[in-house]
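**Student:** Would you be able to build a 3D model of this:
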Amino acid sequence: MPTTAVQPTPPAAAQAVQLHRRPPVAQMPAGPWSVEAIQALLDKPFMDLLFQAQSVHREHWPAGDIELATLLSVKTGGCPENCGYCPQSAEFDTGVKAEKLMSVQEVTAAAQAAKDAGATRFCMGAAWRAPKDRDIEKVSELIGAVKGLGMQTCATLGMLESHQAQALKDAGLDYYNHNLDTAPEYYTDVVSTRAYQDRLDTLQHVRGAGISVCCGGIVGMGEAPVHRAGLLAQLANLNPYPESVPINSLVRVPGTPLADSEPVDPLDFVRVIAVARITMPKARVRLSAGRQQMGDAVQALCFMAGANSIFYGDKLLVTGNPEGEADVKLLAKLGLKGHRTTRTETDELPLQA
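**Tutor:** So this is what the prediction gives:
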């Protein structure tokens, strides 16, 4: 019987970052993740969920180390955005004053102090909606100075155009942070000065420049459980998913619209960490803002659920963070070790109080 030759399928073009659309069933054997599938994980019995997350974590991160990153606000306050959680918005009276971009000397000194304390990644945040090209030139100098210390570099500067992302890559930037914050359907309840697609476009520009992506969200902003599932679906379905996934518990700052939000149940927060680990097994899941309010026991559950990165230092941009000495003691009690990302993958970093 004659047969018909099957033509090879041409390689697919690089997938653009876009709002998640549920794919046909034929494309879903190993993912992408539907909101319904993620909600089912979030709804699992707590112990079963932690066991699954810990199993995934041990498979992909057998060393069990914790990445230590330090975050510095290099340009504080005066942001024209109206993100309801942010004390740096010019629209809210939070006591945060607008400041100019820090000098190369100031940032280098801060990065050296962070390195001396044990941090291996140095993140620089600037309260801009979108930096101008002249701002990118100045930040590029900061990146070069931090790289000169042998540290990994990360920046969060707002929305980027593709040529700006390329300039940051050329300066030596390793990671760019741009959080999605929440699910697309809840986004306008949090911020109205930019669209969700604006955030996705920036992530695409960062990916296009060859910079690793740091992208996560915030829990405790009054969202429903389905919105947490929607956020995780957006993150897990990015192609590829982020290398770093910061999960923040809202720090309720007086003067911001979300200051009176109901605190998130600690075990619900742990569930989000666990599902982030299951759906993004090779990502560094960072236990980020809100640790100061959690206490040691909840943080320990987060590490068990798969968190393997923290911000290390007494301040996150303009909000508080556990003191470095407290983190050293906690990790020691749990038998966890810091990870030196600037050397080889097997080097251990001795933690210093």
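
**Student:** Assign Leu71 to helix, strand or coil.
**Tutor:** Put simply, Leu71 is strand when judged by DSSP: H, G, I helix; E, B strand; the rest coil.

**Student:** Which strand residues bridge it?
**Tutor:** Beta bridges link Leu71 to Cys123 when assigned by DSSP bridges.

**Student:** surely it meets Gly125?
**Tutor:** Yes: between Leu71 and Gly125 there is a contact under C-beta atoms under 8 Å: 6.2 Å. Where you see a C-beta, it was placed from the backbone N, CA and C, and this is true even at glycine.

**Student:** Which residue of these two possesses the greater neighbour count?
**Tutor:** Leu71 (24 against 21; other C-beta atoms under 10 Å).

**Student:** separation between that one and Cys154?
**Tutor:** Separation of Leu71 from Cys154 (C-beta to C-beta, to the nearest Å): 8 Å.

**Student:** what sits in contact with each of the two?
**Tutor:** The overlap between the contact sets of Leu71 and Cys154 (C-beta atoms under 8 Å, 6 or more residues apart in numbering) consists of Cys123, Met124.

**Student:** Helices of the protein, start to end?
**Tutor:** Secondary structure of the chain, counting by DSSP state H: helices at 35-42, 46-60, 104-117, 133-147, 162-171, 196-208, 225-236, 266-279, 295-304, 324-334.

**Student:** rank those by pLDDT, which is bottom?
**Tutor:** Per-stretch mean pLDDT for these is lowest at helix 324-334 (a mean of 83).

**Student:** From the contact counts, what lies against that one?
**Tutor:** helix 295-304 (3 or more C-beta pairs under 8 Å, 6 or more residues apart in numbering; DSSP states H and E).

**Student:** Quick check: which of the helices of the chain is nearest to Arg252?
**Tutor:** For the helices of the chain, proximity to Arg252 was assessed by C-beta to C-beta; helix 266-279 is nearest, at 14.1 Å.

**Student:** That closest one: which residues count as buried?
**Tutor:** By neighbour count on 16 or more other C-beta atoms under 10 Å, the buried set for helix 266-279 is Pro266, Phe269, Val270, Arg271, Val272, Ile273, Ala274, Val275, Ala276, Arg277, Ile278, Thr279.

**Student:** Present the residues you listed as a markdown table; the columns should include distance to Val206.
**Tutor:** Listed next are those as a markdown table, based on distance: C-beta to C-beta, whole Å:
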| residue | distance to Val206 |
| --- | --- |
| Pro266 | 32 |
| Phe269 | 27 |
| Val270 | 29 |
| Arg271 | 28 |
| Val272 | 23 |
| Ile273 | 24 |
| Ala274 | 27 |
| Val275 | 24 |
| Ala276 | 20 |
| Arg277 | 23 |
| Ile278 | 25 |
| Thr279 | 21 |
